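*Asks:* Starting from these lines, generate the structure:
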Amino acid sequence: MLTYIVRRLIVAVLILLGASFLVYILTAVSGDPLGDLRESNAPNREQLIAFRIDLLNLDVPPILRYFEWLGGAAGCLVPFAATCDLGNAINGAEVTVLLERAMGQTILLVTAATILAILIGITLGVITALRQYSGLDYGVTFMAFLFFSLPIFWVAVLLKEYGAISFNNFLREPDISLFALVVCGLLSAFLFYLVSVGNLKKRLLAALIGFVFAVALLWTLDTLGWFLTPAFGPVVIAIIGIGLAYGVTLLTAGLKNRRALYSALTVVGIGMVAYFAVQPLLDRATGLMILLLAVATVLVGAVVGYFMGGYDRRQNMTAAGLTAFLMGFFILLDRFMQSWPDYFDNSRIRGRPIATIGSATPNIQGDFWIIGLDTFTHLLLPTIALMLISLAGYSRYSRASMLEIMNQDYIRTARAKGLGERTVVMRHAFRNALIPLATLVAFDIGGLIGGAIITEQVFAFSGMGQLFVQALRDVDLNPVMGVFLITGILALVFNLVADLVYSVLDPRVRVKA
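*Replies:* As a prediction, this is how the structure comes out:
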């Protein structure tokens, strides 16, 4: 294994060197970085030209300049060497500083969207494969291809119009009309009809339940003024926790494993006690504190599952640990909701919380919760836009892979041996269905840092994509190479990761030296 990894890394370095040389030379000869100054009428034009030539070493031939750049870039690959030098941009700024700022913006913008698209897309793909040619399958397929075919800039503009401007107008005087209640109820009824199973009578009954549920929920929220003062409260969190305990146990261990279920329910009880105990602590929250609390929450769940005993402690620990993590997430979400009125009334927000541009409100002041809400409201719309566009690929790939696996002989053998459907799907089919997706997921995660150029433009995010495009327009060589270096390294690394994941998912695949 080690020999294989070393050999792959050596090949990756050679590929990166060759590709970087081609990109450098092609960019260098693609235009004149002094063009704007040559056309300038400034009295000190000659001095500015001389300064830029000296700053960018333009008096050196491109091939020799490449090796000078390569020497500085090599220092970026040496940990803790503090010798990273990617040169300067045309405006005199250091490329490392520009990359650091742009990477932060891109990571904020793209990471959540990609992770959500992967999780939701694969989940929808597996569910539709298990219910092939059903109404749900046709509905998900239609919506997936619809969003996939829509231009991202158009989706982004629609979200800004209806998800930000119209919703902010609604929040001035939140009042849900009868027409809106009926429309939302009909949409909910349609969704319940699609996901339900059985004969027509049962599906119509499910649709009726969905209609009543949506109308009652929206009417209750509107009556209580929930949109201005949102919160879950301990009762709702307890109900959510019990639902999570049953759902997580069903997926990870099966409800017949009573010890796993009891472990998850015990964690819910502990979580309800912690809900009241940690409120004073959360008033002084920091990012590090939340991270430590999250780790402690999962560890408590794992310990509870271990001491519950039984024939499979691992299943107990998995069910309890996941339930504890999700329970902690909803407690955290409730605390954010408690800070919503303060954020809504902030002088910088002025009652319009859903943002349409940028990554933060300028000069906003507040504690951890206020700043967190501000970041969330700025990322909400671009995250939804990117997720909707990316969802189709993951759902279609996972559906096709799952259908192929479910028709294999070993799946029929597993069922013939009397294994439960959950065990057949989760332990045998799902794991093997992930193998073709490993490459797709690895490349998408590796390409995260490359940015989303159009989305960054629409939502005014100064990320890696905008930095790269602007540098190309200005024939600004060093930023172009900085972006290429980072994205190239990540692409090669995650390509290697995909190969290694194969051997984990499929015992038949072994990485050989």
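*Asks:* C-alpha only now, for contacts and for neighbours.
*Replies:* OK.
*Asks:* residue boundaries of the strands in the stretch 1-150 of the chain?
*Replies:* Counting by DSSP state E, counting those that start in this stretch, the stretch 1-150 of the chain forms no strands at all.
*Asks:* Can you name the element that comes right after the worst-scoring helix or strand of the chain on mean pLDDT?
*Replies:* The helix or strand of the chain with the lowest confidence, counting by mean pLDDT, DSSP states H and E, is helix 435-446 at a mean of 78. Elements were assigned by DSSP states H and E; along the chain past helix 435-446, the next helix or strand is helix 453-458.
*Asks:* Show the secondary-structure elements that that next one is packed against.
*Replies:* In this structure, helix 453-458 makes packing contacts with helix 152-158, helix 464-473, judged by 3 or more CA pairs under 8 Å, 6 or more residues apart in numbering; DSSP states H and E.
*Asks:* Nearest to residue 34, out of those helices?
*Replies:* Distances from residue 34 to each of those were compared using CA to CA; the minimum, 12.3 Å, belongs to helix 464-473.
*Asks:* Spatially nearest residue to residue 167 (excluding sequence neighbours)?
*Replies:* Of all residues beyond its chain neighbours, the one nearest residue 167 is residue 354 (7.8 Å), with distances taken as CA to CA, 6 or more residues apart in numbering.
*Asks:* Looks like that neighbour contacts residue 375 (just checking).
*Replies:* No - with contacts defined as CA atoms under 8 Å, residue 354 does not count as touching residue 375, sitting 10.2 Å away.
*Asks:* quick one, which of those two is more surrounded?
*Replies:* Taking residue 354 and residue 375 together and counting by other CA atoms under 10 Å, residue 354 has the greater number of neighbours (23 against 17).
*Asks:* May I see the buried residues of stretch 311-326?
*Replies:* Applying a neighbour-count criterion of 16 or more other CA atoms under 10 Å, the buried positions in stretch 311-326 are 313-326.
*Asks:* so where do the helices sit in the stretch 251-400 of the chain?
*Replies:* Assigned by DSSP state H, counting those that start in this stretch, the stretch 251-400 of the chain shows helices spanning 258-277, 279-282, 287-308, 313-338, 340-344, 368-406.
*Asks:* In CSV, list those along with mean pLDDT.
*Replies:* Output for those, formatted as CSV (pLDDT from 0 to 100):
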stretch, mean pLDDT
helix 258-277, 94
helix 279-282, 90
helix 287-308, 93
helix 313-338, 94
helix 340-344, 93
helix 368-406, 90
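*Asks:* Next, format those as a markdown table and append distance to residue 466.
*Replies:* Shown next, in a markdown table, are the helices of the stretch 251-400 of the chain (distance: least, CA to CA, whole Å):
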| stretch | distance to residue 466 |
| --- | --- |
| helix 258-277 | 43 |
| helix 279-282 | 37 |
| helix 287-308 | 29 |
| helix 313-338 | 32 |
| helix 340-344 | 30 |
| helix 368-406 | 15 |
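*Asks:* Tell me which of those helices approaches residue 58 most closely.
*Replies:* Of those, the one closest to residue 58 (CA to CA) turns out to be helix 368-406, at 39.0 Å.
*Asks:* residues touching the residue nearest the centre of the chain, list them.
*Replies:* Note on the chain: the residue nearest the mean C-alpha position is residue 112, at 2.2 Å, using CA atoms, centre = their mean. Residues in contact with residue 112, defined by CA atoms under 8 Å, 6 or more residues apart in numbering, are residue 383.
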